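Asks: Quick one, what's the 3D model for this:
(2 chains)
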Amino acid sequence: MKKEVKIKIVEVLKREGLFYPEIEDKIKVETPKEESYGDLATNVAFLLTKHLKQKPQDIALNLKTILEKEPIFSKVEVVNGFINLFLSENFYHQVVKKAVLEKDRFGESLDKNRGKINIEYVSANPTGPLHLGHGRGAVVGNILSNMYSYIGYKVEREFYINDAGNQIKKLGQSVYARFRQIEEPDYPFPEDGYHGEYIKDIAKEIYHYEREKILSMLSEEDAIDFCAEYAKNYLLDKIKEDLKLINVEFDIWTSEKHLYEHGKVEAALNFLNSKGLIYEKDGALWLKTSLYGDEKDRVIKKSDGSYTYFAADIAYHYDKYERGYDFIINVWGADHHGYFPRLKAAITAFGVSENWINVVFIQLVKLFKDGQEVKMSKRSGDFITLRELVEEVGKDAVVYFFASKDPDTHLNFDIDVALAKSNENPVYYVQYAHARISSVFREAKEKFGFDPESDFEADLSLLTQEEEKSIMKFLSTLPEDIEEATLKNQPHKITNLTYELASRLHKYYYQHKFLIENDENLLKARLYLLKAVRNALRTLFKLMGITPVERM
RNA sequence: GCGCCCGUAGCUCAGCUGGAUAGAGCAACGGACUUCUAAUCCGUAGGUCGCACGUUCGAAUCGUGCCGGGCGCACCA
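Replies: Residues are numbered from 1 along each chain as shown, chains lettered A, B, ... in the order given. I've put the predicted structure just below:
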């Protein structure tokens, strides 16, 4: 709606000879904080002060008399230079109808050809279970994917498996050592190996099923490779199970190892070499990333002959580019922010626009219980896994809290709040809104013999209460609010919007009755509006991956 | 030392491509259940928007410099 109003304003300015191209992008049409300031407000008068050499208030007053003649506005007011616009009732009724008809896809773009993008998230090394940071990345990546899909992009969700480097080798050595220790308790464990209990579990499993095979292998190296491969697959399965706990899935799993096996790394580096961007120094090969904005050049092939992680990553991103995405988003832990300039440099060296690659950084998750921070250290293996947290507080709470803050700010996860069945807990607040509507619908069917689930018509002009208008107003801008949040990569806005809608519903519920005995028209009108709210809530829940509960 | 993020009410945070009196929630205090679920609602109180300059009609928002916290500055991934 904001868009349409802005177009209308520009149209009016042009007609009146008051249009200056440079102000177009600055014209804002937004929902004012105060209800009394109208349905929408615009700042155009301020933007014209320089051109017209008049005070904002005077310009606004002139524009008011012109805008008043437009039928989409029922009223135009000027306060302190702001032009406050009131929209006609009919407009809001259309929005409510739309929400009822579109079910749990309210406001979703019908045009699904806006473009094709790729969102890569989690991409945890398959060397252990998922921890909370991965969980937050999973939730953020998943919601972002849902959001882009909502606004009309074809989204491919991708998990990059780092299965080629030292970490996997270490994993193999660790598992192999635990395997050997079953028969020889003194068998040495690698110094910087993985200490978690899960390593022993994997070793036991291998011992149970593959003991003969391993012992008959002549070389220890082959045995370690076998263990690495076995453990990797075992842990990837675990990771997939953990992700399923929070409804996160992927379309594409790309293996770093396969990039090497299919010659992608060689090919990418050959191309860069042909452009004269690679040179040798100190026995290693370097890429001239400093030519493309990086602070210094980077090693791509170490002096021991092996490639760096960076080399594979270049090939990986070039591969993504060749797949033809309009742009890509990587969801990374904030500890990787220093890595971004170099990857961006490498990508631009291929001639790719730097706007093509985007990164959303995820800051740390700190866990609190009983008012105390729960300290976690990966080295000691002493950390809470995503699975443990989900088992303790439930899927919906984990998803909601991970989603509720700007990804690029630290997140304090308070277990006590997530567990609280009270108004302290926003998850219950939003779910209760949905459950309340479901409850009203059940009652309507049982006691009034009217099923709100059926298709029915209603006279929406009966919806004149303040709380009703407040809800309609909210619904009228919801799809645009979602779109705006999407394009800014701000998944946490979804939780804000959901909370806001729930709040308006709760207020409405408290002030007014829906199941009215002697006024069928009003009954239907109100149930119709409730249905619109329910659908909007379901749409938002679906974006987040939260269950819309029917009763609580 | 350099780079990135953060600093807003007692707590957790919105708001940040400049806009109206800086907003929520929790906690505190005071109210509301012969009603479709009180897991709710209504009200009160609570602020040098880290500090200082600057940019302009206007700064929490932009710029510069400080202060405080986190992260990163590998031939690790």
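
Asks: How about the residues of the stretch 401-550 of chain A by RNA strand B?
Replies: A:405-406, A:408-412, A:421-424, A:426, A:428-429, A:432, A:435-436, A:438-440, A:443, A:490, A:492-493, A:496, A:499, A:503, A:506-507, A:509-515 (C-beta under 7 Å from any atom of the strand). All C-beta spots, glycine's among them, are computed from the backbone N, C-alpha and C.

Asks: just checking, which of these belong to strands?
Replies: A:411, A:412 (DSSP state E).

Asks: which of the residues of the stretch 401-550 of chain A next to RNA strand B count as buried?
Replies: By neighbour count, with 16 or more other C-beta atoms under 10 Å, those hold A:405, A:411, A:426, A:428-429, A:432, A:435-436, A:438, A:440, A:490, A:492-493, A:499, A:506, A:509, A:514 as buried.

Asks: burial count for residue A:302?
Replies: 13 (other C-beta atoms under 10 Å).

Asks: Then the one 4 residues further on?
Replies: Counted with other C-beta under 10 Å, the burial measure for residue A:306 works out to 11 neighbours.

Asks: Distance of it relative to RNA strand B?
Replies: 7 Å (C-beta to the nearest atom of the strand, to the nearest Å).

Asks: Need the contact partners of the helix or strand containing residue A:401.
Replies: According to DSSP states H and E, residue A:401 maps onto helix A:395-403. Here helix A:395-403 makes contact (C-beta atoms under 8 Å, 6 or more residues apart in numbering) with A:135-136, A:139-140, A:143, A:245-247, A:365, A:386, A:389-390, A:411, A:413, A:418-419, A:425-427, A:430-431, A:491-492, A:494-495, A:544-547.

Asks: same deal with stretch A:278-287?
Replies: Contacts of stretch A:278-287 (C-beta under 8 Å, 6+ apart): A:269, A:272, A:277, A:288, A:297-303, A:310, A:314, A:346, A:349.

Asks: Of those, which are in range of RNA strand B?
Replies: Among those, RNA strand B is touched by A:298, A:299, A:302, A:303, A:310 when using C-beta under 7 Å from any atom of the strand.

Asks: Now the buried members of these.
Replies: A:298, A:299, A:310.

Asks: ok, so of the residues you listed, who is nearest residue A:179?
Replies: Nearest to residue A:179 among those, counting by C-beta to C-beta, is residue A:310 at 32.6 Å.

Asks: part of a helix, is the closest one?
Replies: Yes - assigned with DSSP: H, G, I helix; E, B strand; the rest coil, residue A:310 falls within a helix.

Asks: Distance of it relative to residue A:86?
Replies: Here the criterion is C-beta to C-beta, to the nearest Å. By it, residue A:310 lies 57 Å from residue A:86.

Asks: Same question for residue A:16.
Replies: 21 Å.

Asks: now do residue A:47
Replies: 22 Å.

Asks: ditto for residue A:327
Replies: For residue A:327, the distance to residue A:86 - C-beta to C-beta - is 39 Å.

Asks: Repeat that for residue A:483.
Replies: For residue A:483, the distance to residue A:86 - C-beta to C-beta - is 24 Å.

Asks: try residue A:93
Replies: Distance from residue A:93 to residue A:86, by C-beta to C-beta: 15 Å.
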